[in-house]
Each structure stands twice: as structure tokens, then as C-alpha cells.
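Peer 1: sequence plus the predicted model coming up.
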Amino acid sequence: MVELKNVSVTYESTGVEALSDVSLKVEDGEFAFVIGRSGSGKSTLIKLLMKELDANKGEVYVNGYDLIKLKKRKIPEFRRTIGVVFQDYRLIENLTVYENIAFVLRVIDAPKKQIRKRVPYVMSLVGLQDKADCYPSELSGGEQQRCALARALVNDPALLIADEPTGNVDPELAYELVELLQGINACGTTILMVTHAHEMVRHFGGRIINISEGEVVFDEVIGGAEVEAQ
Amino acid sequence: MKLSSFRYLVRQGFDNVWKNRVMAFASFCVLLVSLLLVGISVLFYININAIIGGIEDKNEAVVFLLDDTSDARVEEIGETLRNMENVSSVSLYTGEEALENLKINMQDYTEVFDSYEDEQILPDAYRIRVADITKMDQTVKAVRELPDVDSVSSPDSFVELLTEARRIITIVASAIIIALLIVSVVIISNTTRASVFSRRREISIMQSVGATKGFIRFPFFIEGMVTGFLAGCFATLMTWFSYDSLVDLLGRFDVLSAIGLGNVIPYSKISAVVTLAYVIAGSVIGAVGSVLSTRVHLKYRAANM
């Protein structure tokens, strides 16, 4: 569950108010698209939810953690409850696909047996079972994105944040990826997907949160293309 | 931390040396040069000390007693000298012995001494050695003040020169070693920082998936330690080879003893200490430098790279 209460974030260095009095609640098991133009505050929202930066004002709760009061030493523990897919994949270049995904489990001291079982399962879920020994540089953009998704999922996180996951892949793959995310969501994982692709959002429909100039200007559930077609 | 995780992180550290071999090689070279610079300076200093120590073996003074001093009084003075501070050895050199030696040295003129057959023409004396040559002056002064002591002959100016030389060498060598240490620390920290900087993205990724600081640092620690250990081993081999060659060269021509100096310390005597110092210093500097350099990248702040 994600909840923001009257949150404001101002960057000290520039004095820019990236988020202004934002209140938001995403329930467990929900799928929400976060849209908005560049500089609207979407990235700030993600950083806030990952505890990469702190709010100047307001309250932030993610997966039961009060991020305003969260102690530094508890940050790693909190981050293990969320999975994040980045636009630029953020894979570790000198680790293989298998090792990149397994890394998350190693971080939490998971038993070897669990790693051997869980990693191939997640790889097959995203269709990368044949690429286990490849390095990120040997993968296509789509494959890298799927590897990043597998890494985000391997720990079975309660919340999955996807930051422009379709930004670097072709439209066909983008739609496939969102379908994959929807499948994951159907298994109970809360998903927050940040995107620029308004067309795609209209196609899938669902809850849309539009951020503009640091404020939530639209937060409603819309019907997708399939709903409209009916 | 579980044993399997520990093993994984150690393996990662070793793997990283190879995976980041260019930066690891740069760190290795910088560590090697730094260790050699400091190590050779220290070896040079302790050898200069040993060579000067060779001269110090000649730290003898002769205490001449008054002509008419009784045998009992001579004994007494000997006891007093033995009990004096800084006097390490005392040996009696009687007037008779001195005369005999004089005769031996002046064999062609023995008739000069014939008329003094039963007389003691040379005074009794004590040869004393001091423990600390730098305090020779004070010791000689104290001996001179003893009753029945006529005079004391000591290599005053030589001792002064020696003490002064050692003082200057100590100051200069210490300054050089400290300067080299500072330069080495700066260069090493910059190199490890550059090495870690090139991997800041990797560190930020690890943080974003919930890795603790310790988990991220440990492979860097191992990596730095391995690089430092190798640099220490290489420094040992290079020092061993060059030191032995130099000792061999000096020994072949017997340069130092020919000019009355002590000898350089043979490598076999210091090899264990040198090896340990190089390997431990290399490993510790490598590991600590590497871990410290990760600090700046481990702060939990926005890292959108």
C-alpha cells in the first residue's frame, strides 16, 4: 500500500518545488499508471517512494513503512519490499543475467536452494530462460528490460514500481510488457507504472494519476480500448 | 551473514580484480611504487644507522692515572669506573704493559729504555668503552673529575661529527619518509577513488535493490586487499633482488670496511620483517583505501544515473 498525505518536496539546490501538497493512496493489489510531462514531478515521486530523497512536508507510507521516520540503517530492509524497473534497466554490467537476478536474493541472504529454484522460474516468466549466461551488453533492449523486470520480481515484492519501462523498447514489445505487468498484478502485486505513452495508457485503461507541475491534476479510473469497444 | 553469502562475497571480490583489471592494475602499480618508495627509504635509513654503528665500535677512551697512584687506589678507581653510568667495559692497561708495547713499537731504539729498567716511566691507565656514544662527552667529563685521574683521551671531535651526522640523517630521512607516506596516501586514495567512481553506477544499483552498506563494501574490501597483497609480494621480490645485488656489489669490493665503516645488514637478517611489512602494509592500505573510497557513493541520496 502506498499513501502520501500532503507531501511537498523542494530541491534545496535549485529551490524548485517538485511536488506540492500531493495526497495519494494506492491500495494493495491495484495497478495504476502515473503520467505527466517531463519535469512534472514523476521522477521525484519515484525517488520519494524508494526513499532516495525525503519530503520536506507531509507523510509518506509504503508497504507499512513510515518513510519520514525511517532510520537510515532500515532503508535496505525497506527497499527489499519493493521491486523497481528503471527505464535505463540499471543492470550490473559485469554480472550475467542469472547473477543480476540472483543478486537480489543474495542481498537478503536467501538460501542457495531458494536461489536455484526461484531465479530460473522468474527467468522463464519473462522469457529469458535461454539467456542465463549472457551479459547485459549481449542482450537487446527488450531483453534487458525483461531482465530488469525479472530482477524486480524475484523477491516477490508487495509493490512494483516501473519507471518508464516501455521508454526504450519498440511499441509491440511495450504492449507485451504491460500485459506481463498486468499478469503479475493479477497475482496480487501492487503496480505503479510511470509512463509517457498516453496512447498506451488509453489502450489499457485503469487507474490514471496525472501529475502536472508537482500536483495531482487527475486521478480516476478510465475504461481501456477493450471496454470502449464493447 | 550466512557462510554461503560470505563465500559469495569473497568470490565476488576476487572476480572483481579480474573484471576491473585495468583499474586494479592501476591501483596495483600505485601501491607497488608507494611501497617501494617508503620501503627503500626505511631500508636506506636503517642501513645508514648500521654503518654508523660500525664506527661506534671504536668508542674507546683512555683514562690516564697520576704517576704515583698506589695499586690499591688503581683498583679502587677501576671499581668506580665500572659503576659509572654509560660505561660498558673497563680494562686495566698498566704502565708496564704500555712500556712493553712501546718497546715493541720502537724495536730499533730499545736502548733508550734500558736505563729505566726498574722504574715505572709510563702511568697506569684504564681503557673504557661507553654504551651510548652521544653521551661520551658527559662521561669523559665525569671521569676527569675523579681523584687521581691525570687526563682522559677520547675521540671528541669524531664523536661530535658522528652524533651530528646521525642527527641530520635521522631528520632528513624522517622528513623524506613522512613526505613519501603523504604522497603515497594521496596517490593511492585518488586511484582507488577513481576505481570506485567508475563503478558508482553498480553501487547505486546494489543500493536500489536493498543491499546493505556492508554487503556492497565487502567485495571492495577483498578486491583492495588482494590488489594490495599482490603489490606487497611484488615489492618484496623487487626489494630482495635489488638489495641482494647491492650487498653483493659492496661485499665484492669491501668498500665500507675499507674506509672504517660498519657493514650493511644482510637481507637474510631482515627478510622476514621486510616481507611482513610489505605484505601487511599493502593489504591493509589496499583494503582500507578501497572501502573508504566507497563511502562517498554509499550515501542514501538521489542517484538517478
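Peer 2: All right, it came through fine. Numbers count the residues shown, from 1 in each chain, chains lettered A, B, ... in the order given.
Peer 1: quick one: contacts for the residue in the stretch 1-150 of chain B positioned nearest to chain A?
Peer 2: Residue nearest to chain A within the stretch 1-150 of chain B: B:Lys19 (4.5 Å; CB to the nearest CB). All C-beta atoms are positioned from the backbone trio N, CA, C, and that covers glycine. Neighbour list for B:Lys19: A:Asn94 [criterion: CB atoms under 8 Å, 6 or more residues apart in numbering or on different chains].
Peer 1: remind me which helix or strand the residue positioned nearest the centre of chain A belongs to.
Peer 2: In chain A, the residue lying closest to the centroid (CA atoms, centre = their mean) is A:Ile161, at 1.5 Å. Assigned by DSSP states H and E, A:Ile161 belongs to strand A:159-163.
Peer 1: and that strand, which strands flank it?
Peer 2: Take DSSP bridges as the rule and strand A:159-163 pairs in its sheet with strand A:82-85 (parallel), strand A:190-195 (parallel).
Peer 1: just those: most buried one?
Peer 2: Highest mean neighbour count of the strands paired with strand A:159-163: strand A:82-85, a mean of 25 (counted as mean count of other CB atoms under 10 Å in any protein chain shown).
Peer 1: got the residues of chain A near chain B?
Peer 2: Applying CB under 8 Å from any CB of the partner chain, one finds that chain A approaches chain B through A:43, A:47, A:50-53, A:72, A:75-80, A:84, A:90-94, A:103-104, A:106-109, A:111-112, A:151, A:155.
Peer 1: surely A:Asn94 is in a helix?
Peer 2: No - applying DSSP: H, G, I helix; E, B strand; the rest coil, one finds A:Asn94 to be coil, outside a helix.
Peer 1: does the closest residue to chain A within the stretch 201-305 of chain B belong to a helix, a strand or coil?
Peer 2: At 3.7 Å from chain A, B:Gly210 is the closest residue in the stretch 201-305 of chain B, using CB to the nearest CB. Following three-state DSSP, the label given to B:Gly210 is coil.
Peer 1: phi, psi for it please.
Peer 2: phi 90, psi 20 (degrees, to the nearest 10).
Peer 1: that one is in contact with A:Pro76, isn't it?
Peer 2: Yes - with contact defined as CB atoms under 8 Å, B:Gly210 reaches A:Pro76; the gap is 4.6 Å.
Peer 1: could I get the contacting residues of residue 148?
Peer 2: Went with chain A since none was named. Each residue near A:Ala148 by CB under 8 Å, 6+ apart is listed here: A:85-86, A:89-91, A:165.
Peer 1: correction: the question concerned chain B.
Peer 2: B:Asp148 sits next to B:65-66, B:69, B:73, B:77 when contact means CB under 8 Å, 6+ apart.
Peer 1: same thing but 10 Å
Peer 2: Taking CB atoms under 10 Å, 6 or more residues apart in numbering or on different chains as the criterion, B:Asp148 is in contact with B:65-66, B:68-70, B:73-74, B:76-77, B:80, B:124.
Peer 1: give me the below-cutoff pLDDT ranges for the chain.
Peer 2: Answering for chain A, as no chain was given. Low-confidence segments of chain A (pLDDT under 70): A:224-230.
Peer 1: ah, I was thinking of chain B
Peer 2: Using pLDDT under 70, the flagged stretches of chain B are B:53-58, B:115-119, B:155-159, B:253-262, B:299-305.
Peer 1: residues from it in reach of chain A?
Peer 2: Applying CB under 10 Å from any CB of the partner chain, we find that chain B lies next to chain A at B:1-2, B:4-6, B:8-9, B:12, B:15-16, B:18-20, B:199, B:201-216, B:299-305.
Peer 1: can you list which of those are found in strands?
Peer 2: Counting by DSSP state E, no part of these is found in strands.
Peer 1: list the residues that contact A:Ser8.
Peer 2: Counting by CB under 10 Å, 6+ apart, A:Ser8 makes contact with A:17-22, A:55-58, A:214.
Peer 1: using PDB, write out the CA atom coordinates for stretch B:278-296.
Peer 2: The C-alpha trace of stretch B:278-296 is given here as PDB (Å, rounded to 0.1, in the frame of the first residue of the first chain):
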ATOM      1  CA  TYR B 278      55.300  -5.000   2.700                       C
ATOM      2  CA  VAL B 279      52.500  -7.600   2.600                       C
ATOM      3  CA  ILE B 280      50.600  -6.300   5.600                       C
ATOM      4  CA  ALA B 281      51.000  -2.700   4.600                       C
ATOM      5  CA  GLY B 282      50.000  -3.400   1.000                       C
ATOM      6  CA  SER B 283      46.900  -5.500   2.100                       C
ATOM      7  CA  VAL B 284      45.800  -3.000   4.700                       C
ATOM      8  CA  ILE B 285      46.300   0.100   2.600                       C
ATOM      9  CA  GLY B 286      44.600  -1.600  -0.400                       C
ATOM     10  CA  ALA B 287      41.600  -2.800   1.600                       C
ATOM     11  CA  VAL B 288      41.100   0.400   3.700                       C
ATOM     12  CA  GLY B 289      41.700   2.700   0.700                       C
ATOM     13  CA  SER B 290      39.100   0.800  -1.300                       C
ATOM     14  CA  VAL B 291      36.500   0.700   1.400                       C
ATOM     15  CA  LEU B 292      37.000   4.400   2.300                       C
ATOM     16  CA  SER B 293      36.600   5.400  -1.300                       C
ATOM     17  CA  THR B 294      33.100   3.700  -1.500                       C
ATOM     18  CA  ARG B 295      31.900   5.900   1.400                       C
ATOM     19  CA  VAL B 296      31.000   8.900  -0.700                       C
END
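Peer 1: in that stretch, what's buried?
Peer 2: B:278-279, B:281-283, B:285-294 (16 or more other CB atoms under 10 Å in any protein chain shown).
Peer 1: do stretch B:40-54 as well
Peer 2: B:40-43, B:45-54.
Peer 1: what's the closest of these to B:Ile176?
Peer 2: Here the nearest of the buried residues of stretch B:40-54 to B:Ile176, counting by CB to CB, is B:Ser41; it sits at 5.6 Å.
Peer 1: next, count neighbours for the closest residue to that closest one other than its chain neighbours.
Peer 2: Distances taken as CB to CB, 6 or more residues apart in numbering or on different chains place B:Ile177 nearest to B:Ser41, at 4.9 Å, with adjacent residues excluded. By other CB atoms under 10 Å in any protein chain shown, the residues close to B:Ile177 number 17.
Peer 1: nothing else from me, thank you.
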